[in-house]
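Engineer: dropping a prediction and its sequence here:
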Protein chains: 2
Amino acid sequence: MPNSEPASLLELFNSIATQGELVRSLKAGNASKDEIDSAVKMLVSLKMSYKAAAGEDYKADCPPGNPAPTSNHGPDATEAEEDFVDPWTVQTSSAKGIDYDKLIVRFGSSKIDKELINRIERATGQRPHHFLRRGIFFSHRDMNQVLDAYENKKPFYLYTGRGPSSEAMHVGHLIPFIFTKWLQDVFNVPLVIQMTDDEKYLWKDLTLDQAYSYAVENAKDIIACGFDINKTFIFSDLDYMGQSLTHGFCHVGQAGLELLTSSDPPRLSLPKCCDYRCEPPCPAVMSSGFYKNVVKIQKHVTFNQVKGIFGFTDSDCIGKISFPAIQAAPSFSNSFPQIFRDRTDIQCLIPCAIDQDPYFRMTRDVAPRIGYPKPALLHSTFFPALQGAQTKMSASDPNSSIFLTDTAKQIKTKVNKHAFSGGRDTIEEHRQFGGNCDVDVSFMYLTFFLEDDDKLEQIRKDYTSGAMLTGELKKALIEVLQPLIAEHQARRKEVTDEIVKEFMTPRKLSFDFQ
Amino acid sequence: MPNSEPASLLELFNSIATQGELVRSLKAGNASKDEIDSAVKMLVSLKMSYKAAAGEDYKADCPPGNPAPTSNHGPDATEAEEDFVDPWTVQTSSAKGIDYDKLIVRFGSSKIDKELINRIERATGQRPHHFLRRGIFFSHRDMNQVLDAYENKKPFYLYTGRGPSSEAMHVGHLIPFIFTKWLQDVFNVPLVIQMTDDEKYLWKDLTLDQAYSYAVENAKDIIACGFDINKTFIFSDLDYMGQSLTHGFCHVGQAGLELLTSSDPPRLSLPKCCDYRCEPPCPAVMSSGFYKNVVKIQKHVTFNQVKGIFGFTDSDCIGKISFPAIQAAPSFSNSFPQIFRDRTDIQCLIPCAIDQDPYFRMTRDVAPRIGYPKPALLHSTFFPALQGAQTKMSASDPNSSIFLTDTAKQIKTKVNKHAFSGGRDTIEEHRQFGGNCDVDVSFMYLTFFLEDDDKLEQIRKDYTSGAMLTGELKKALIEVLQPLIAEHQARRKEVTDEIVKEFMTPRKLSFDFQ
């Protein structure tokens, strides 16, 4: 956490932004002169306070810097002026957000350039998703290798995940899932989705039952993104660690196998369970595939390594220290014997926000040492909080984002009241100098959710020139978000317990791996 | 490991002992005077070398001290003159072995005294096992609490285990199992036996498949001790971590339950599987009981704590660091939902060698913080290596003990050739001064395996007085060990794959827990 001084400076900064918004909306709404004057006085007074505290003028596109965390974190922590990114903290001092080009250099990944996007288009015969076209998925590792495999008709699979820290998911949480669904559609591949309820239990003040129930609730929102039930396996770690036996009985030899295959058909538990006949018989190694991979990874990573990668300390619980192996294990196909049988050679492609990369840098380091292929990655930028791109959104602050449970009215109010604006303090200034799309959160949200490139470009031009006012920009966003959330809510309502159950049952998918 | 100097001194010491044995046997066997003279000359020369190297006279009952390990180990490591005991290292400088009274004080456990033994006798109506009568199980934690529960008709269960580091088990490995079988018989309670194949994979240069196959092979030797198949569950960690779902489908709600209970009867896999109908329905919390408990424990133990208890360092792999939670988890009854349903309150009693106590000190520390009862313990002394009580036996040194696969001839040869003797160098001296039972390994072995108290006492008297010669003592041991091992081998031969399979299948035992 940043220390208290800059935090209160940031609060002041945010108050000025809010007050500026108020002034603009009063003016736009034809409020009385008294009302407007009083609001402007307050704004001026806030700006003076800010100057006194910050030692410099308030600038709309330059919020006070948050210092990077000073302890318990990676080697980057000392470079206070650098952005800081790890799975638990994302901090930058720029209202434009993280400098992703620098991050690519620092993380050693590769930029998703025009050439790669074109190659994806050629390979799939589909227009690239706007997340690719607009640089929202901006970085990768070994994506060309995945395309090589795909072009040679070799199988690969997708793996993504979510840490279910609460029931509430916001629109930002959907980004990797929206993109993963697109990947699944255009490549027609199996997908596994890990719900790290064990992680959330270890890191948060939650009971196991709470963490697990959040996993199930979040799974409903994920399913509502439209994943194909015949090609997707969603699992809670707490559950699946004790479920990965599927073919496991075979280890006891032919007799057990016969028992499994002779009954008519053996009903393990649930719909799809009759797929479980071991025909042809599967080898012993397939039992408990997930835990076996977890142990393999845990043998090949030292405390020194996770200390370096994740900033763990001697005071951290041993659950946290060993958890990275659990997030790593789904990168290897034999963690899912029910899908891939005993195949260890099936390439994995992981779409995720770039803050998850440390887990997979570790995974890619371990993979060749335990005889598995390195997973490939596609990294997304962060979805900004309503208050600005300096911080990652927080599911625990209801005003930091648009939640998937928000009503049309809540969406309208939140965007109008909390979305950080790149506009000027007065209509006159705005018309004269134009707004700043680079720091305007409403515009950023539109780049995520307004699919029409032409419309988006028109908005960018109009807002930058000053032809479009902040209120109008916000209205455009509201009109995109309201139906998007409403449709999501309608789809989620159709996700029955039965459907969740089926998605979360270890089972064969509609692909044939021998 | 001790450094090289004392090791070669110990070799010299052992050579003298062997040479002394040779002299005695030559004399006893009426060898030629030349032969005897030459052997005695060699003996004298060895003794002179020893004096030169050690700076003091060779004394049969006082081998050169091994220094305690100097790094990577607990706080005791610096006290070079103290015994050193942790799960991986047992060292003492005394030929009599570890000073167990001191260990009780150091570990903070309680001595198993006459009063407790009498109470066990009253409670069970059975004569106490000779391991109790002879102080082989010498220390305990909360055994009175177990007896309180037992006398109040409250259930408890037994938990013991084995780390399967190789196929070869020696007689020393049987000690906890022989005693556990007696406890199961006299108390009539469920028993779970953990095969820590994951631990051996993490600590040794083994593949997962090797570790698992050792677990299965070792299980056969354990079963051959006579455990009741209806009351005993043996599990490999690598297997069971992915098998503990048993009732797990219920978390998906009533529909899943009905599917489980309606089919006729649902055949999960193996003999006994039809016991798995959830009748009455079991609550959600029962799925993946084992892993859930592992995570709970891992959340409540820091790296600092395992560093202090087990001597782990930053260079250790995260698998080792988190493993103690896996050995701890079977101490809690809801790790076995198939046996105990969702009961968390069933007291656990753990018979084990005292070097395993650190795991359970940690477990007892965590238990109240996660709402579970502390496990009670019964600690045994160490079974001495043939070469003397200074070291724990090693499964990797074939001459360090009697293996369960040894032939009658091998047993005879090993005892005659390698069993450290408390006898004198010559028959004349022996007759005059008598032997020393406190350091004589053959006599120690008899205290473990000769059940007849009167016979044992007679041997002790005769050997101490000099009336019994070393060859005669060894003969007595050989005559006890040969049939014991032969009978074990016969019983093991009857342990079919089917039987192992059943012991290792998660299932209900013949006890009813509601």
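Structural biologist: Ah, there it is.
Engineer: what's the distance between residue A:232 and residue A:339?
Structural biologist: The gap separating residue A:232 from residue A:339 is 10 Å, by Cβ to Cβ, to the nearest Å. Heads up, the C-betas are built off the backbone N, CA and C, glycines and all.
Engineer: one more: residue A:436?
Structural biologist: 48 Å.
Engineer: okay, those two: which has more neighbours?
Structural biologist: Neighbour totals were compared for residue A:436 and residue A:339, and residue A:339 leads with 24 against 18 (other Cβ atoms under 10 Å in any protein chain shown).
Engineer: nearest residue to that one in space, please, no chain neighbours.
Structural biologist: In space, and not counting its chain neighbours, residue A:339 is closest to residue A:509: 5.3 Å by Cβ to Cβ, 6 or more residues apart in numbering or on different chains.
Engineer: which SS class is the one you found?
Structural biologist: Three-state call for residue A:509 (DSSP: H, G, I helix; E, B strand; the rest coil): coil.
Engineer: number of nearby residues for it?
Structural biologist: Residue A:509 has 23 neighbours, counted by other Cβ under 10 Å.
Engineer: got a list of what residue A:111 touches?
Structural biologist: Contacts for residue A:111 were tallied using Cβ atoms under 8 Å, 6 or more residues apart in numbering or on different chains; they are A:101, A:104, A:138-140.
Engineer: hey, what's it bridged with?
Structural biologist: Taking DSSP bridges as the rule, residue A:111 bridges to residue A:139.
Engineer: follow-up on the earlier one: joint contacts of residue A:232 and residue A:339?
Structural biologist: Taking Cβ under 8 Å, 6+ apart as the contact rule, residue A:232 and residue A:339 both touch A:190, A:192, A:509.
Engineer: residue A:485: which of the residues you listed is nearest?
Structural biologist: Checking the shared contacts of residue A:232 and residue A:339 against residue A:485 with Cβ to Cβ, the nearest one is residue A:192 at 26.9 Å.
Engineer: and the helix or strand where residue A:485 lies, C-alpha only, in CSV?
Structural biologist: Assigned by DSSP states H and E, residue A:485 belongs to helix A:470-493. Extracted in CSV, the C-alpha atoms of helix A:470-493 (Å, rounded to 0.1, in the frame of the first residue of the first chain):
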residue,chain,number,x,y,z
THR,A,470,-17.6,15.1,-21.6
GLY,A,471,-21.3,14.5,-20.9
GLU,A,472,-21.8,13.4,-24.5
LEU,A,473,-18.9,11.0,-24.3
LYS,A,474,-20.2,9.6,-21.1
LYS,A,475,-23.6,9.2,-22.7
ALA,A,476,-22.0,7.2,-25.5
LEU,A,477,-20.4,4.9,-23.0
ILE,A,478,-23.5,4.5,-21.0
GLU,A,479,-25.4,3.5,-24.1
VAL,A,480,-22.8,0.8,-24.9
LEU,A,481,-22.6,-0.5,-21.3
GLN,A,482,-26.3,-0.7,-20.4
PRO,A,483,-27.3,-3.2,-23.1
LEU,A,484,-24.0,-5.1,-22.7
ILE,A,485,-24.6,-5.6,-19.0
ALA,A,486,-28.3,-6.3,-19.4
GLU,A,487,-27.6,-9.0,-22.0
HIS,A,488,-24.9,-10.5,-19.7
GLN,A,489,-27.4,-10.6,-16.9
ALA,A,490,-30.0,-12.3,-19.1
ARG,A,491,-27.5,-14.9,-20.2
ARG,A,492,-26.4,-15.5,-16.6
LYS,A,493,-30.0,-16.0,-15.6
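Engineer: now the contacts of residue A:111: which count as buried?
Structural biologist: Buried members of the contacts of residue A:111, counted by 16 or more other Cβ atoms under 10 Å in any protein chain shown: A:104, A:138-140.
Engineer: point out where the stretch 51-200 of chain A drops to low pLDDT.
Structural biologist: Low-confidence segments of the stretch 51-200 of chain A, defined by pLDDT under 70: A:51-55, A:61-81.
Engineer: at 50 what do you get?
Structural biologist: A:66-80 (pLDDT under 50).
Engineer: helix or strand right after the lowest-mean-pLDDT helix or strand in chain A?
Structural biologist: Ranked by mean pLDDT, DSSP states H and E, the helix or strand of chain A with the weakest confidence is helix A:254-262, at a mean of 36. Downstream of helix A:254-262, the first helix or strand assigned by DSSP H and E is helix A:289-299.
Engineer: and that next one with chain B, contact?
Structural biologist: Yes. Using Cβ under 8 Å from any Cβ of the partner chain, helix A:289-299 reaches chain B at A:289-292, A:295-296, A:298-299.
Engineer: can you pull the residues of the stretch 351-500 of chain A lying near chain B?
Structural biologist: Residues of the stretch 351-500 of chain A lying close to chain B (Cβ under 8 Å from any Cβ) are A:497-498, A:500.
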